[in-house]
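> What would the 3D arrangement of this be:
(one chain, ligands or ions: 1)
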Amino acid sequence: MEPTDEPSAYERDAVSPDAHGDERQLEGALRPRALTEFVGQERVREQLSLVLHSAQRRGRAPDHILMSGGPGLGKTTLAMIIAGELGAPLRITSGPAIERSGDLAAVLSTLQEGEVLFLDEIHRMARPAEEMLYVAMEDFRVDVVVGKGPGATAIPIEIAPFTLVGATTRAGMLPAPLRDRFGFTAHMDFYRPDELELILHRSAGLLGAPIEDDAAREIAGRSRGTPRIANRLLRRVRDYAEVRGDGRLTLETARAALRLYEVDELGMDRLDRAILDVLLRRFRGGPVGLSTLAVSVGEEAETVEVVAEPFLVRSGFLARTPRGRVATPQAWAHMGLTPPPDAAFGAAADVNGSGANGSGGNGTGGQGTARP
Ligand SMILES: Nc1ncnc2c1ncn2[C@@H]1O[C@H](COP(=O)(O)OP(=O)(O)OP(=O)(O)O)[C@@H](O)[C@H]1O
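This next block holds a predicted model:
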């Protein structure tokens with residue numbers, strides 16, 4: 001299925017880690033503004049702080065920074081913090097918005113000295129623009145091609161030194177020459193429940209709806225290690241408390257709201273359940289290829305691979321093998337089904353999503369991707 005810009009039914013779900021509708025605006029209010037306010041990702045924070053401070057000491061723009069990790073883990077937030085810490089202006093664009101090299105040239109040639117350029121979904125940028133970016137990153141120069149065919153000439157234009165902050169959910173899809181031009185790669189990991197609890201308390205305070213500890217713990221446990229999901233579930237619980245309760249965010253309210261939105265104890269949602277259901281009932285536990293699985297649940301392969309799979313693999317329900325996706329014994333048990341005698345079980349040991357076929361997921365070699 002071809003990716004489109006329209007949100008799919010899944011993307012509108014309560015636990016999709018993608019932002020939808022006016023959510024981006026709501027998120028703005030909850031974003032931490034300084035590195036010290038940014039919860040979790042200790043190693044990334046420490047590494048980043050070193051990169052930024054040493055650049056400041058030398059009075060130069062820091063090396064280009066690549067951030068890799070699933071949706072909703074805080075890449076945009078960190079890019080804003082980087083610009084804030086440097087006291088530099090921030091320009092935001094994204095791979096899909098750069099369809100031709102001219103689009104990129106227009107952005108690059110108007111950057112101010114020291115500006116931070118945030119390029120989200122960098123892996124989706126058009127190929128010719130990628131080549132222009134290599135030169136810009138290395139030599140702070142843009143070669144504008146004038147004319148066509150044998151008479152075409154490249155006119156070099158100098159651009160102001162800048163720092164590129166690229167973000168990708170699929171670092172493996174970036175061509176090596178582009179990856180190599182980043183001086184530092186931050187691997188964003190899923191958050192621990194205690195970190196999500198902190199985020200929830202902070203966000204609830206900002207929303208003017210303080211949350212009780214056990215309610216925050218309950219929401220954190222169902223947020224799939226993702227701050228965006230935690231914040232979204234928090235807003236749904238707050239709505240529920242305001243309309244059906246007395247406005248207090250208690251454990252009881254949280255449980256009732258999450259039941260209403262069909263978010264189970266593990267944070268599993270409609271798409272996860274659909275994947276497991278198809279995998280177990282239709283494909284007898286697998287192995288089955290990613291695209292077949294995606295078509296069977298009516299979703300894009302990228303959504304299945306980037307959003308649902310890392311969670312299912314991390315939870316021990318799914319394994320990636322060279323022959324395809326395979327359900328683990330836990331998956332059969334969780335769905336209350338009995339595996340056929342000839343079921344091909346996936347190795348539950350593949351808990352960090354680094355699957356043998358090496359495609360996508362969170363096997364980035366980052367920090368402890370197999371967190372519970
Ligand atoms: N470490 C954190 N501490 C507090 N809040 C966070 C943290 N990380 C993310 N958030 C919150 O989660 C929401 C989503 O974060 P953000 O937009 O930065 O994610 P993203 O990785 O850029 O997602 P996408 O890849 O979909 O653009 C924001 O509201 C942000 O405030």
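
> only C-alpha atoms for contact and neighbour calcs from this point on.
Fine.

> Can you get me a residue count around the closest residue to the ligand within the stretch 201-350 of the chain?
Of all residues in the stretch 201-350 of the chain, R228 sits closest to the ligand, at 3.9 Å by C-alpha to the nearest ligand atom. Neighbourhood size, R228 [other C-alpha atoms under 10 Å]: 25.

> element containing it, please.
helix 227-244 (DSSP states H and E).

> which strands and helices sit next to that helix?
Under the contact criterion of 3 or more C-alpha pairs under 8 Å, 6 or more residues apart in numbering; DSSP states H and E, helix 227-244 touches helix 193-206, helix 213-221, helix 251-260.

> Dump those to TSV, plus mean pLDDT and distance to the ligand.
Listed next are the helices and strands packed on helix 227-244 as TSV, based on pLDDT from 0 to 100; distance: least, C-alpha to the nearest ligand atom, whole Å:
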stretch	mean pLDDT	distance to the ligand
helix 193-206	95	5
helix 213-221	97	13
helix 251-260	95	19
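
> I'd like those as a markdown table, with mean neighbour count and distance to A171 appended.
Below are the helices and strands packed on helix 227-244 laid out as a markdown table (neighbours: other C-alpha atoms under 10 Å; distance: least, C-alpha to C-alpha, whole Å):
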| stretch | mean neighbour count | distance to A171 |
| --- | --- | --- |
| helix 193-206 | 20 | 24 |
| helix 213-221 | 22 | 27 |
| helix 251-260 | 18 | 33 |
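
> In TSV: these, plus distance to R45.
Listed next are the helices and strands packed on helix 227-244 as TSV, based on distance: least, C-alpha to C-alpha, whole Å:
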stretch	distance to R45
helix 193-206	14
helix 213-221	21
helix 251-260	31
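
> where are the low-confidence patches of this structure?
1-26, 346-372 (pLDDT under 70).

> Distance of the residue sitting furthest away from the middle of it relative to the ligand?
Most distant from the centre of the chain: G151, at 43.7 Å, with distances by C-alpha atoms, centre = their mean. Distance of G151 to the ligand, given as C-alpha to the nearest ligand atom, to the nearest Å: 41 Å.

> Would you mind measuring from that residue to A129?
21 Å (C-alpha to C-alpha, to the nearest Å).

> How about residues contacting stretch 154-163?
With contact meaning C-alpha atoms under 8 Å, 6 or more residues apart in numbering, stretch 154-163 is reached by 61-65, 108-117, 136, 140-146.
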